[in-house]
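*Asks:* Compute the structure for the input listed below.
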Amino acid sequence: MGVVVDGCPPRLALETAEIQADLDRRRPGQSRLTTPRQEDDKVEIVSGLFEGRTLGSPIAMLVRNQDARPGAYEEMRDLYRPSHADYTTEAKYGLRAWHGGGRSSARETIGRVAGGAIARKFLREVAGIEIVAWVQRVQDVDAKVDLENVSVEQVDESLARCPDGEASERMIERIDAVRRKGDSVGGVVECVARSVPPGLGEPIFEKLDADLASAMLSLPAAKGFEVGSGFGGVALTGSEHNDPFVPGDAGRPRTPSNRSGGIQGGISNGEPIILRVAFKPTATIRTEQDTVSRDNQPVKLAASGRHDPCVLPRAVPIVESMVALVLADHWLRQRAVDVLPDL
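*Replies:* Residues are numbered from 1 along each chain as shown. Prediction:
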């Protein structure tokens, strides 16, 4: 798997270990809740770095597969997995990489996490922006999380990547139960980006929340996106939903409530950006399902192979990475506005 990151400013101090740390959080085989596939996912930086600093040229990175087993997918060569991209990919291109999913495989998120690690480092260095995601929900098990103080370290203490200890245990039990049955389960990843300055985003076609939505819904298995109050806001009146302004530090207003999720009119307002992403249950399961063959004949499929019973724990660093990439792009764009003198 490879990725090229273009547009990273020069002279940013960067070490392979910083990228590897996020890839380790994404890699398979890290617990019984994930696919048993064993991959070290060791990253190699092949361009764009010199003496520990970025050059400003494209940064190319490579991760070599070590535990691929194409033969495990032989039974699905001529069958379409229900709710998977097997059929739609073949309908579009006339063929598909049946031995692993190709571009519809979560394996492609290696590139997103590697690139996101660079964006995360850049945002931390230039703006002090901190991005933390966690598993907020597995099926009907919800967590209670302190948005202001939750940390990556707290999240990673849990196999389920949920910082609420009680909810985490219930999530683990739920995922274990469906795994033993050969089934799968979905849920919600929530994310907060703190210390985001006001002014990021465009007012019409590239709104910050629209770009975040596009980034999140481009992830494998993602089916829904919310920012701030999200769909829950429709139950409120305007007077209940509005975030009142109060005087803040540095001559800037603040909003004690944050139903806007840190974004108003497509532009960040200086409050924490809060978003949620819904992930469907993994499509490839051992439970027998109805499907059809390539010649449109009805068949039964009980998939073998090594698949996540729940994508949520491994999706946490992927969501963080995509948030970091979007925010880094918009921070750099805003520089073009900020450099103009008062006229």
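
*Asks:* Quick one: residues contacting Arg286.
*Replies:* By CB atoms under 8 Å, 6 or more residues apart in numbering, the residues touching Arg286 are Gly182, Asp183, Ala302, Ala303, Ser304. The C-beta positions use only the backbone N, C-alpha and C, and glycine is treated the same way.

*Asks:* Now compare these and name the two farthest from each other.
*Replies:* Taking CB to CB as the measure, these reach their widest spread between Asp183 and Ser304, a distance of 14.3 Å.

*Asks:* where along the protein do the helices fall?
*Replies:* Along the chain, counting by DSSP state H, helices occupy 16-26, 86-93, 109-127, 152-156, 165-180, 208-217, 238-241, 312-338.

*Asks:* quick one: Arg252 from Arg124, how far?
*Replies:* Separation of Arg252 from Arg124 (CB to CB, to the nearest Å): 21 Å.

*Asks:* typed the wrong thing, it's Val234
*Replies:* For Val234, the distance to Arg124 - CB to CB - is 35 Å.

*Asks:* Arg25 and Trp134 touch, don't they?
*Replies:* No. When contacts are counted by CB atoms under 8 Å, Arg25 is not listed as touching Trp134 (11.9 Å).

*Asks:* returning to what we had before: in CSV: the helices of the chain, plus mean neighbour count.
*Replies:* Supplementary listing: these in CSV, determined by neighbours: other CB atoms under 10 Å:
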stretch, mean neighbour count
helix 16-26, 19
helix 86-93, 14
helix 109-127, 22
helix 152-156, 17
helix 165-180, 18
helix 208-217, 21
helix 238-241, 10
helix 312-338, 22
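
*Asks:* With respect to Arg64, which of the ones you listed lies nearest?
*Replies:* Relative to Arg64, the nearest member of the helices of the chain by CB to CB is helix 109-127, separated by 10.5 Å.

*Asks:* Direction-wise, compare that closest one with helix 16-26 and give the angle.
*Replies:* 130 degrees (axes from the mean of the first three to the mean of the last three CA atoms, to 10 degrees).

*Asks:* avg pLDDT for helix 109-127?
*Replies:* Here helix 109-127 scores 96 as its mean pLDDT.

*Asks:* now for that helix, which elements pack on it?
*Replies:* In terms of contacts (3 or more CB pairs under 8 Å, 6 or more residues apart in numbering; DSSP states H and E), helix 109-127 is packed against strand 2-5, helix 16-26, strand 59-63, strand 130-138, helix 312-338.

*Asks:* Try it again at 6 Å.
*Replies:* If you count contacts as 3 or more CB pairs under 6 Å, 6 or more residues apart in numbering; DSSP states H and E, helix 109-127 packs onto strand 2-5, helix 16-26, helix 312-338.

*Asks:* hmm, who's touching the first one?
*Replies:* So the one you mean is strand 2-5. Pro58, Ile59, Ala60, Met61, Leu62, Gly111, Ala114, Gly115, Ile118 (CB atoms under 6 Å, 6 or more residues apart in numbering).

*Asks:* can you redo those as TSV with distance to Arg103?
*Replies:* Formatted as TSV, the contacts of strand 2-5 follow (distance: CB to CB, whole Å):
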residue	distance to Arg103
Pro58	21
Ile59	21
Ala60	19
Met61	18
Leu62	17
Gly111	11
Ala114	16
Gly115	16
Ile118	22
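
*Asks:* Tell me which two of those sit farthest apart.
*Replies:* Leu62 and Ile118 (14.5 Å).

*Asks:* Relative to Phe279, how far out is the residue nearest to Lys144 when sequence neighbours are not counted?
*Replies:* Excluding the flanking residues, the one nearest Lys144 by CB to CB, 6 or more residues apart in numbering is Asp164, at 5.3 Å. Relative to Phe279, Asp164 is positioned 18 Å away (CB to CB).

*Asks:* Looking at the two now, which is surrounded by more residues?
*Replies:* With neighbours defined as other CB atoms under 10 Å, Asp164 and Phe279 compare such that Phe279 has more, 26 against 22.

*Asks:* From Val319, how far out is the more buried one?
*Replies:* Distance from Phe279 to Val319, by CB to CB: 9 Å.
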